[in-house]
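Asks: Need coordinates for the following:
(3 chains)
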Amino acid sequence: MLITLTTDFGIQDGYVGTMKGVMARIAPGVSFVDITHTVPPQDVRSTAYILWTVLPYFSRESVHLVVVDPGVGTMRRPIAAQTGWGMLVGPDNGVFSFVWESTPPELIVELANPEYRLPVVSRTFHGRDVFSPAAAYLARGVSLSEMGPQVVDPIRLTSAKMRVAANRIQGQVLYIDHFGNIITSIGRLLWRGDTLCLQPVLANPEIEEMYFPATAARVSVAGRDIGPIRHTYGEVPVGTPLALVGSEGMLELAVNQRHGAQVLKIMLGDSVDIVLS
Amino acid sequence: MLITLTTDFGIQDGYVGTMKGVMARIAPGVSFVDITHTVPPQDVRSTAYILWTVLPYFSRESVHLVVVDPGVGTMRRPIAAQTGWGMLVGPDNGVFSFVWESTPPELIVELANPEYRLPVVSRTFHGRDVFSPAAAYLARGVSLSEMGPQVVDPIRLTSAKMRVAANRIQGQVLYIDHFGNIITSIGRLLWRGDTLCLQPVLANPEIEEMYFPATAARVSVAGRDIGPIRHTYGEVPVGTPLALVGSEGMLELAVNQRHGAQVLKIMLGDSVDIVLS
Amino acid sequence: MLITLTTDFGIQDGYVGTMKGVMARIAPGVSFVDITHTVPPQDVRSTAYILWTVLPYFSRESVHLVVVDPGVGTMRRPIAAQTGWGMLVGPDNGVFSFVWESTPPELIVELANPEYRLPVVSRTFHGRDVFSPAAAYLARGVSLSEMGPQVVDPIRLTSAKMRVAANRIQGQVLYIDHFGNIITSIGRLLWRGDTLCLQPVLANPEIEEMYFPATAARVSVAGRDIGPIRHTYGEVPVGTPLALVGSEGMLELAVNQRHGAQVLKIMLGDSVDIVLS
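Replies: Numbering: from 1, shown residues only, chains lettered A, B, ... in the order given. Here you go, the predicted model:
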């Protein structure tokens, strides 16, 4: 039994420890893996991106508990879902929607059955009272359909859209990591020798696969030229901006051995372009 | 075997990893749960509060290792205790005293037996040399009474006192969490319809249970009016201060979707009042 | 099976979670211990010091995964090694060299066998694609010699050198911890009553053991006098600088109950002297 945890609770307080206590009592012997507890507070989109990059590496039997939940205390539904990357438990606010585009949910249910909640449910800490018990019972083998009624209309995020014209691929800044690397919604890109192949992922099912020579592509972000798409950081001097294909296959912007987002003054949502000549 | 860890060691250095190495050698197969390693340095009172909120969710068989220890290298005693929320291991500086008011210690001992310490005890790192071995041997089933002589006069904190007058309940700011929520020593409060029930906890055994209608209560902190006690954050606009009952049942002050403590310029120990009309 | 993790990946992103997913799939039931994920980015020397202090407390069967890897994407070799403190997996950039001076590597190999990598190896995330699979297969019992050819010329760090003259021991600041304690390359020092015994460690095999009375020693850092070597923080008033023997036996400089490195304006590499009179 393996349960991962992804929250915006930070690491200072006892909230995450409390959730693990709840789960360890329900499912003794369970193993915990912390994905992160420091996503920007209530940032559903960044969390959706992180889950999409991390979850493919876990087995179908894993349970992924996610508590990034600006709507706690409102009517938003608590849900759970089975996917090929494991079971998902968290709020119905779109946080799982990038995952679902890669591995469609086989069943989504609302966590409505009081038998799989704590006896008293607070108004402010559903991570402890609703989501943790559900995750632990699922890890113990309780079936999803026991948890509550099916959900057919879950919330889906529409960010991460690309636009593709004859000589231009347009996307946006999707995530900025701890190193300051700037991850964009343009991808997946795959190297085929010196040619790049774009295989659209995330919210772009209607876009077709396309090929272009790397030497014909020029990248810009927020109007600033970043040059061609390179194979590795080491191709430019220290302190120089560059574009490359990140470890997830997305177009990534960076500054060699510097915090790229700070140097380039980039923010989430900034426009990114590849112009083909 | 489950051992939780609560320290002010931070997450940058190897100190916590070292303690886990010591414990994993003594008790192979043990599971670790990190409560937090970033309580404010040497802040015994905030740690006492965190333990009081987190430990109820763990089983009696758990071992809770706590190293927030301004007195390391002095004569303060290293202790261990059995409670209904698990076994406690740490310095005798009051850090367990809020826990003990909810679940009285069945036995407290001084960790004096050199058999359950590392062979060499440094002057500066009792977490590694004294507390970790004790926690691991307790997790393995060594009995508390083997560890050393009974302690009958442990240190107890006296903060968290409330004062209750005819039309006023007075307490103080006890803890500020990662979100900026301001947790006070006034509690526990329980909603009974639109009436609130105050059931004193922490250092307030002499105060009697009392009831008051929510509409009759007006909250202030450090002299600033915060309004009535509300059910949920969503009752006020974004950026507006409010008072509500927190997830632990304590009176909590916050600013909706903002860092309340920064917006309201609140510090630990600030005075909090409920005036009843 | 126990795998420790030491990286500069930070705790915000999903990189560490991804590596644990890779390992948990290859070695189900493995336990993870995080040493730290917040060493200063690409700081190989601080990481080498942390490993040297933490790893002695783990058993020979442990696997230690280290990803502090400024050379990722270049020709630096990925390696693994068996030592008395466990198996080491990481880049060949000197990060293990302090460990090797205490527990010489029995065998070092290059992680060249594609059978023990992920099917596709990215240019930027060898932690996921190369090091994590190797660590997990080693934890499962695959022998080191299966992983690739022997390495006989690994990179070794030469910092941490001491100079010893008739009445002077000279070293440098090696590490600054979370509390602001300043750890130096002068050590190990052992108390023998009121006499100190210097038993050289780290990169100093040619220096001989020596003894001196504590009262005859005077410590300075970056030219500033810090006074004699003391037994414990409590010997000086709050806010006063002092020198003492740290928990690892290295000469340590601190300011009682303050952040010493900030108060004394100390940086890594600053010169430290003991003058004997």
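
Asks: rest of the way, CA atoms for contacts and neighbours
Replies: Fine.

Asks: Which parts of the stretch 1-150 of chain A are helices?
Replies: Counting by DSSP state H, counting those that start in this stretch, one finds helices in the stretch 1-150 of chain A at the ranges A:15-26, A:44-54, A:97-102, A:126, A:132-139.

Asks: For the stretch 151-277 of chain A, which residues are neighbours of chain C?
Replies: For the stretch 151-277 of chain A, the contact set with chain C under Cα under 8 Å from any Cα of the partner chain comprises A:D177, A:H178, A:F179, A:H231, A:T232, A:Y233, A:G234, A:G246, A:S247.

Asks: which ones are touching the third one?
Replies: Applying Cα atoms under 8 Å, 6 or more residues apart in numbering or on different chains, one finds that A:F179 lies in contact with A:R258, A:H259, A:G260, C:F9.

Asks: what two of those residues are the furthest from one another?
Replies: Farthest-apart pair in the contacts of A:F179 is A:G260 and C:F9; separation 15.3 Å (Cα to Cα).

Asks: Skip the chain neighbours and tell me the closest residue to the residue most central in space within chain A.
Replies: Closest to where the C-alpha atoms of chain A average out (Cα atoms, centre = their mean) is A:Y49, at 2.2 Å. Of all residues not flanking A:Y49 in the chain, A:F98 sits nearest, at 6.7 Å (Cα to Cα, 6 or more residues apart in numbering or on different chains).

Asks: And A:L138, how far from A:R60?
Replies: A:L138 sits 12 Å away from A:R60, going by Cα to Cα, to the nearest Å.

Asks: neighbour count winner among those two?
Replies: Between A:L138 and A:R60, counting by other Cα atoms under 10 Å in any protein chain shown, A:L138 is the more crowded of the two (25 against 14).

Asks: I'd guessed A:T18 sits against B:Y57; true?
Replies: Yes: if you go by Cα atoms under 8 Å, A:T18 and B:Y57 touch, sitting 6.2 Å apart.

Asks: Which segments of chain A make up each domain?
Replies: A:2-146, A:163-276 (automatic domain parsing).

Asks: In JSON lines, list the ones you listed along with mean pLDDT.
Replies: What follows is these, written out as JSON lines (pLDDT from 0 to 100):
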{"stretch": "domain A:2-146", "mean pLDDT": "95"}
{"stretch": "domain A:163-276", "mean pLDDT": "90"}
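
Asks: what residues does chain A put near chain B?
Replies: A:9-18, A:20-22, A:24-25, A:31, A:73-74, A:122-125.

Asks: Swap in 6 Å and give it another go.
Replies: A:Q12, A:G14, A:G17, A:T18, A:G21, A:V22, A:S122, A:T124, A:F125 (Cα under 6 Å from any Cα of the partner chain).

Asks: Which two of the residues you listed have the greatest separation?
Replies: A:Q12 and A:S122 (21.2 Å).

Asks: Point me to the residue of the stretch 151-277 of chain A nearest chain B.
Replies: A:H178 (14.8 Å; Cα to the nearest Cα).

Asks: so how many other residues sit close to that residue?
Replies: A total of 18 residues lie near A:H178 under the criterion other Cα under 10 Å.

Asks: Helix, strand, or coil at it?
Replies: Secondary structure, DSSP: H, G, I helix; E, B strand; the rest coil: A:H178 is coil.

Asks: Can you turn the buried part of the residues of chain A next to chain B into a PyMOL selection?
Replies: Restricted to buried positions by 16 or more other Cα atoms under 10 Å in any protein chain shown, the PyMOL selection for those reads:
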select buried, chain A and resi 12+14+17+18+21+22+122+124+125
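
Asks: Please report how far A:M210 lies from A:I186.
Replies: As judged by Cα to Cα, A:M210 and A:I186 stand 12 Å apart.

Asks: of the two, who's got more company?
Replies: A:I186 (30 against 12).

Asks: show me what contacts that one?
Replies: Going by Cα atoms under 6 Å, 6 or more residues apart in numbering or on different chains, A:I186 touches A:G171, A:M250, A:L251.

Asks: From those, list the buried ones, please.
Replies: The neighbour-count criterion (16+ other Cα under 10 Å) marks A:G171, A:M250, A:L251 among the contacts of A:I186 as buried.

Asks: Kindly reformat these as TSV containing distance to C:L198 and secondary structure.
Replies: Below are the buried ones among the contacts of A:I186 laid out as TSV (distance: Cα to Cα, whole Å; DSSP: H, G, I helix; E, B strand; the rest coil):
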residue	distance to C:L198	secondary structure
A:G171	61	strand
A:M250	54	strand
A:L251	54	strand
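
Asks: re the thing from before, what subset of the residues of the stretch 151-277 of chain A next to chain C is buried?
Replies: A:D177, A:H178, A:F179, A:H231, A:T232, A:Y233, A:G246, A:S247.

Asks: In terms of helices and strands, where is the last one?
Replies: Element membership for A:S247 (DSSP states H and E) is empty, with no helix or strand holding it.

Asks: contacting residues for it?
Replies: A:S247 sits in contact with C:S122, C:T124, C:F125, where contact means Cα under 6 Å, 6+ apart.

Asks: hang on, the earlier thing: TSV for the helices of the stretch 1-150 of chain A, including distance to C:D225?
Replies: Conversion of the helices of the stretch 1-150 of chain A to TSV gives the following (distance: least, Cα to Cα, whole Å):
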stretch	distance to C:D225
helix A:15-26	44
helix A:44-54	50
helix A:97-102	59
helix A:126	55
helix A:132-139	55
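
Asks: most neighbours per residue, which of these?
Replies: helix A:132-139 (a mean of 26; mean count of other Cα atoms under 10 Å in any protein chain shown).

Asks: Report the distance from that one to the chain centre.
Replies: 21 Å (Cα atoms, centre = their mean, to the nearest Å).

Asks: Let me know the angle separating it from helix A:15-26.
Replies: Calculated by axes from the mean of the first three to the mean of the last three Cα atoms, to 10 degrees, helix A:132-139 forms an angle of 40 degrees with helix A:15-26.

Asks: buried set for the very next helix or strand once past helix A:132-139?
Replies: Sequence-wise, the next helix or strand downstream of helix A:132-139 (DSSP H and E) is strand A:163-165. Using 16+ other Cα under 10 Å as the burial criterion, none of the residues of strand A:163-165 qualify.

Asks: mind listing what strand A:163-165 pairs with, with the direction of each?
Replies: Strand pairing for strand A:163-165, determined by DSSP bridges: strand A:168-176 (antiparallel).

Asks: and for the partner strand, what are the contacting residues?
Replies: Here strand A:168-176 makes contact (Cα under 6 Å, 6+ apart) with A:46, A:162-163, A:182-186, A:268-275.

Asks: If any of these are buried, put those into a PyMOL selection.
Replies: Restricted to buried positions by 16+ other Cα under 10 Å, the PyMOL selection for the contacts of strand A:168-176 reads:
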select buried, chain A and resi 46+162+182+183+184+185+186+268+269+271+272+273+274+275
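
Asks: Could you tell me which of the contacts of strand A:168-176 belong to helices?
Replies: A:S46 (DSSP state H).

Asks: ok, of the contacts of strand A:168-176, which one's closest to B:A214?
Replies: Using Cα to Cα, the shortest approach to B:A214 within the contacts of strand A:168-176 belongs to A:S46, at 38.7 Å.

Asks: Once you drop chain neighbours, what's closest to the closest one?
Replies: Once flanking residues are discounted, A:S46 sits nearest to A:Y175: 5.9 Å by Cα to Cα, 6+ apart.

Asks: ok, the one you found to A:S102 distance?
Replies: Using Cα to Cα, A:Y175 is found at 18 Å from A:S102.

Asks: Ok, A:M147 next?
Replies: Distance, A:M147 to A:S102, using Cα to Cα: 24 Å.

Asks: Then A:G141?
Replies: If you measure A:G141 against A:S102 using Cα to Cα, the figure is 25 Å.

Asks: Over to A:L242?
Replies: A:L242 is 28 Å from A:S102, where distance means Cα to Cα.
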